[in-house]
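S.K.: Structure for this input, please:
(2 chains)
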2 protein chains.
Amino acid sequence: MAHRVGKQTIMLDNEVCIKGYASVVSKKEGEGPLKDYFDKINLDMMFGQDSWEKAESILQKNAANICIEKARLRENDIDCMFAGDLLNQCIGSAYGLRDFPISFLGLYGACSTMAEGLGLSSLLCESGAANIALSLTSSHFCSSERQFRYPLEYGGQRPPTSQWTVTGSGAIILSNDTKTCLPLKIESVTFGKIIDLGITDINNMGAAMAPAAADTLEAYFSDTNTSPENYDLIVTGDLGAIGSNLLNTLMEEKGISLKNKHKDCGLLIFDRKRQDTHSGGSGCGCSASVLCSYILKSMENGIYNDILFIATGALMSTVSNQQSETIPSIAHLVRISRKEGK
Amino acid sequence: MAHRVGKQTIMLDNEVCIKGYASVVSKKEGEGPLKDYFDKINLDMMFGQDSWEKAESILQKNAANICIEKARLRENDIDCMFAGDLLNQCIGSAYGLRDFPISFLGLYGACSTMAEGLGLSSLLCESGAANIALSLTSSHFCSSERQFRYPLEYGGQRPPTSQWTVTGSGAIILSNDTKTCLPLKIESVTFGKIIDLGITDINNMGAAMAPAAADTLEAYFSDTNTSPENYDLIVTGDLGAIGSNLLNTLMEEKGISLKNKHKDCGLLIFDRKRQDTHSGGSGCGCSASVLCSYILKSMENGIYNDILFIATGALMSTVSNQQSETIPSIAHLVRISRKEGK
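M.R.: So this is what the prediction gives:
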């Protein structure tokens, strides 16, 4: 049985641990500061396909396959998989995963998808509804840019607030069989509420998403009666430089200082100046590929023992934007710890 | 604890029951055979808004509010909500539900969303991860047609295989507090695999989705060692006339006869000839509004005591279709029973 504490947080009473994780990225990510942590760097942005959307499917399929292999499993061992992406009707996931003979749960959480999938799959493993579950997501710079903004050929100038969609995918396999796992376990899950403070600029996703991250973090600390000092790392998904500053300001207004504890996957994955990515990385694949490389590897190595992973998503579409709507956002939080003595 | 039987089916060991359900539809559905079962028939397809997308959000919000009211709850009593729809980036759900102070889990399962949400919310209630959970979905004829097919003003002729997207929404609240519930409970959940048999005609969704329904049904009967005779009703989401025929044929090939047990929400909601809806109704809102009106009301009245609800979804997008891709589909199954002695 799981149990709830406070308004939003779910504590896992039965142990659920990470059995394997994998990340696949492309050229630009493979030239960034985390290049040594990724499982695969595919230099061909097309992944051997004739469209960017098909490329994204292959990217996600690759991450799933490498993750299954690293976990020393076969496809048939996995009870269910949670996936989603940014493309219309989440075709990155549906086409990327259609060959797997595994129950499929499609998600749409925009860039919060990795935390949503990780949270839900951990709860299913906790209760025995699944014994082994896969969660993954992806994004692709080219498929995303042309869908949400301009045709790439147009060469539209990017404002300083804009972020660079990561071409990458991350996958995690969880299990309730704790004997065969890595020494990493899921402690709790906090699913966020939809937050909309009226931001309308689709070139400033960080500002739109920061209030959601602040809301979920505040709920978590209140639910659990803890504070940032209790954790080694609080890592957000893809707020970038502007969103990260805003998150810190919003949290300080709530009387909570994230100082020295907060990092953002969008700031970790690229060298912003050298790689010209403006406010940093973004996309479902940003938090997924950073979590499933640098973050979890650092936990395995004992650099971090107890972290809060918060992925944020902006829930607008091009149509809602054209209809002058504001941008609702969401943030889901998963606490991951390293098991002692391992 | 839940437990798994066979390859795909999850049995709920702790009782989870339906605390309330609601349906909202528009004019055409309100002129159909089920008109007396819906909670609200809104004659204005615009729902007082200035765009069809915004109308769909209000439709979904209405269904949520009526459901909460019928369940005699306040918003704050609900631990989490699962929702999704057909629009790009699921804006029907995100905008429709952004005012609710409730943890939000976005889904994308196309027209399988009602079963996916019902399945996941029942599992969270079963384990105590949630005590009260809402699941809902919607579709709108106008927002859907212009997104997936042609501008409505174009007046494109519809082929006989086409289906009519239902303007409707259905919502269900589940709870693990069985004392205050309706006499309806969730027995088991079977999440489907992605099935793609190579259909490419986006005007023949029924044919694309029938193989997924057949696959999940076969898995369910095999996992549970039961057959159609064990149930009062096997109700699919929106296969329509062509898809329903195909499902029956596919099942007969597997040696399983659905005869006299099978109905389809897409065939129940419209009078196909009088209302000129070709192969029948479709859309996330089709199975959702029929389940949350006629089906559950008939169960409350003891007409059906044990049913299998299978919602099917076609996981393509206009982009995948333009890139000559086939249509992957999925079907999720939820077994719902009426508690004896009530």
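S.K.: tell me the contacts of residue A:245?
M.R.: Under the criterion of CB atoms under 8 Å, 6 or more residues apart in numbering or on different chains, residue A:245 has no contact partners. Bear in mind the C-beta positions are built from the backbone N, C-alpha and C, glycine included.
S.K.: what kind of secondary structure is it in?
M.R.: Using DSSP: H, G, I helix; E, B strand; the rest coil, the structure places residue A:245 in helix.
S.K.: Pull up the gap between it and chain B, please.
M.R.: 25 Å (CB to the nearest CB, to the nearest Å).
S.K.: per-residue pLDDT, that residue?
M.R.: Among the per-residue scores, residue A:245 holds a pLDDT of 97.
S.K.: before we move on, what about residue A:320?
M.R.: Here, the pLDDT recorded for residue A:320 equals 97.
S.K.: Go ahead and confirm it touches residue B:53.
M.R.: Yes: using CB atoms under 8 Å, residue A:320 is in contact with residue B:53, at 6.7 Å.
S.K.: where along chain A do the helices fall?
M.R.: For chain A, the helices defined by DSSP state H occupy A:27-30, A:52-70, A:91-96, A:113-127, A:141-148, A:205-224, A:240-253, A:265-268, A:272-275, A:284-290, A:296-300, A:318-322.
S.K.: just those helices: most buried one?
M.R.: Ranked by mean neighbour count, the helices of chain A are led by helix A:284-290 with a mean of 37 (mean count of other CB atoms under 10 Å in any protein chain shown).
S.K.: do that helix and chain B meet?
M.R.: No: Helix A:284-290 lies out of reach of chain B by CB under 8 Å from any CB of the partner chain, never closer than 12.0 Å.
S.K.: Give me the contact list for that helix.
M.R.: By CB under 8 Å, 6+ apart, the list of residues contacting helix A:284-290 from outside reads A:23-25, A:29, A:34, A:38, A:59, A:84-86, A:110-111, A:113-115, A:136-140, A:165-171, A:235-238, A:265-266, A:268-269, A:309, A:311, A:313.
S.K.: can you list the domains in chain A?
M.R.: Domain assignment for chain A, taken from automatic domain parsing, gives A:3-175, A:184-338.
S.K.: Export the ones you listed to TSV and append columns for distance to residue B:154.
M.R.: As requested, the domains of chain A are arranged in TSV below (distance: least, CB to CB, whole Å):
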stretch	distance to residue B:154
domain A:3-175	20
domain A:184-338	18
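S.K.: what does the stretch 151-300 of chain A put close to chain B?
M.R.: Residues of the stretch 151-300 of chain A found near chain B (CB under 8 Å from any CB) are A:189-196.
S.K.: Check chain A for its longest strand and report it.
M.R.: Counting residues, the longest strand found in chain A (DSSP state E) is strand A:9-26.
S.K.: Tell me which strands it pairs with, and in which orientation.
M.R.: Note on strand A:9-26: by DSSP bridges, its sheet partners are strand A:3-5 (antiparallel), strand A:40-42 (parallel), strand A:168-175 (antiparallel), strand A:184-190 (antiparallel).
S.K.: Which one of the residues of the stretch 151-300 of chain A next to chain B sits in the busiest neighbourhood?
M.R.: Greatest neighbour count in those, by other CB atoms under 10 Å in any protein chain shown, goes to residue A:191: 31 neighbours.
S.K.: Excluding covalently adjacent residues, which one is nearest to that one?
M.R.: Nearest non-adjacent residue to residue A:191, counting by CB to CB, 6 or more residues apart in numbering or on different chains: residue B:103, 3.8 Å away.
S.K.: surely that neighbour meets residue B:82?
M.R.: No: using CB under 8 Å, residue B:103 makes no contact with residue B:82, being 9.8 Å away.
S.K.: re the thing from before, relative to residue A:77, which of the helices of chain A is closest?
M.R.: With CB to CB as the criterion, residue A:77 lies closest to helix A:52-70 of these, at 8.1 Å.
S.K.: can you give me the angle the closest one makes with helix A:141-148?
M.R.: 130 degrees (axes from the mean of the first three to the mean of the last three CA atoms, to 10 degrees).
S.K.: In contact with the closest residue to residue A:123 other than its chain neighbours, which residues are there?
M.R.: Once flanking residues are discounted, residue A:123 sits nearest to residue B:129: 4.8 Å by CB to CB, 6+ apart. By CB under 8 Å, 6+ apart, the residues touching residue B:129 are A:2, A:4, A:10, A:123, A:126-127, A:189, B:123.
S.K.: how about a cut-off of 7 Å?
M.R.: A:2, A:10, A:123 (CB atoms under 7 Å, 6 or more residues apart in numbering or on different chains).
S.K.: Let me see the contact set for the first one.
M.R.: Each residue near residue A:2 by CB under 7 Å, 6+ apart is listed here: A:10-13, A:123, A:126-127, B:127-129.
S.K.: Next one, pLDDT for it please.
M.R.: Looking at residue A:2, its pLDDT reads 96.
S.K.: now swap in the second one and tell me
M.R.: On pLDDT, residue A:10 comes in at 98.
S.K.: what's the burial count for it?
M.R.: Neighbour count of residue A:10, defined by other CB under 10 Å: 27.
S.K.: I'd like to know how far it sits from residue A:187.
M.R.: 10 Å (CB to CB, to the nearest Å).
S.K.: same check, this time on residue A:46
M.R.: Note on residue A:46: its distance to residue A:187, by CB to CB, is 40 Å.
S.K.: Then residue A:307?
M.R.: According to CB to CB, residue A:307 and residue A:187 sit 10 Å apart.
S.K.: Between those two, which is the more surrounded one?
M.R.: Taking residue A:307 and residue A:187 together and counting by other CB under 10 Å, residue A:307 has the greater number of neighbours (25 against 17).
S.K.: pretty sure that one contacts residue A:230?
M.R.: No: between residue A:307 and residue A:230 there is no contact under CB atoms under 7 Å: 10.9 Å.
S.K.: Quick one, which of the helices of chain A gets closest to residue A:182.
M.R.: The minimum distance between residue A:182 and the helices of chain A falls on helix A:296-300, with 6.4 Å, by CB to CB.
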